[in-house]
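Asker: next input, structure requested:
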Amino acid sequence: MKPLISLALASALSLSLSSLAQAADVTAAIGQSGDSEMVYRLGLQSNFESRWWASDTGHLSGYWDLGYTYWQGGSTASNHSVSLAPVFVYEFAGNTLRPYIEAGIGVALFSSTELDKNRLGSSFQFEDRLGFGVRFSGQEIGLRALHYSNAGIKQPNDGVEAYTLHYRTSF
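Answerer: Modelled structure (predicted):
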């Protein structure tokens with residue numbers, strides 16, 4: 001089962017890398033886990049080409065997010081994760097400042113199944129995210145909550161959360 005999951009994730013990553021390479025934004029984030037350990041994240045984003053439900057209020061769009069997260073260890077060794085997620089964004093209309101809310105569900109691979117007091121059960125995890133912020137001049141700043149869990153595929157399934165402040169810029 002583990003080789004099958006790894007193969008599926010590698011295929012998804014390779015397909016997504018081609019779209020990410022076309023016009024990638026970069027995000028840097030810093031925050032804390034639910035157990036107050038520091039979390040550092042770097043990501044590449046590629047916007048969807050489509051917009052839906054455009055109105056005077058705003059529109060729905062999204063992006064692919066490929067991220068690397070460093071989980072600074074406290075009582076246990078540090079951990080690393082790589083994730084890939086489609087993220088849907090509702091961006092409110094505005095001239096210079098455009099508030100937004102976002103949500104997404106993706107997959108992640110952790111380097112270890114232990115993260116401080118949490119036992120993840122498997123290296124494979126699902127990534128759920130909720131966030132909000134403001135976009136301006138090709139940049140954004142926002143807050144994000146990320147939850148990782150293997151959805152009960154393997155026990156134990158303690159899961160882990162991260163709460164981050166992020167900055168995104170376009171190149």
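Asker: poorly predicted segments of the protein, please.
Answerer: Residue ranges of the chain with pLDDT under 70: 1-22, 75-76.
Asker: any idea how far apart the tips of stretch 117-130 sit?
Answerer: In stretch 117-130, first residue to last residue: 23 Å (CA to CA, to the nearest Å).
Asker: and that stretch, what's buried?
Answerer: Neighbour-count burial for stretch 117-130 flags 118, 120-129 (criterion: 16 or more other CB atoms under 10 Å). To be clear about C-beta, it is placed using only N, CA and C from the backbone, and glycine gets the same treatment.
Asker: for this protein, which segments count as helices?
Answerer: 2-22 (DSSP state H).
Asker: excluding chain neighbours, what is closest to the residue located most distally from the centre of it?
Answerer: Distance to the chain centre peaks in the chain at residue 56, reaching 28.6 Å (criterion: CA atoms, centre = their mean). Closest residue to residue 56 apart from its sequence neighbours, by CB to CB, 6 or more residues apart in numbering: residue 93 at 6.2 Å.
Asker: end to end, how far does stretch 113-122 reach?
Answerer: Across stretch 113-122, the terminal residues are separated by 5 Å (CA to CA).
Asker: could you measure from residue 52 over to residue 33?
Answerer: Remark: distance between residue 52 and residue 33 (CB to CB, to the nearest Å) = 34 Å.
Asker: could you do residue 48 as well?
Answerer: 29 Å.
Asker: residue 51 now?
Answerer: Distance of residue 51 to residue 33, computed by CB to CB: 34 Å.
Asker: burial count for residue 77?
Answerer: Close neighbours of residue 77, defined as other CB atoms under 10 Å, add up to 12.
Asker: looking at it, it is touching residue 111, isn't it?
Answerer: No: here residue 77 lies out of contact with residue 111, judged by CB atoms under 8 Å, at a distance of 9.2 Å.
Asker: for the spatially closest residue to residue 77 that is not a sequence neighbour, give me phi and psi.
Answerer: In space, and not counting its chain neighbours, residue 77 is closest to residue 112: 6.9 Å by CB to CB, 6+ apart. Here is the backbone geometry of residue 112 (degrees, to the nearest 10): phi -140, psi 150.
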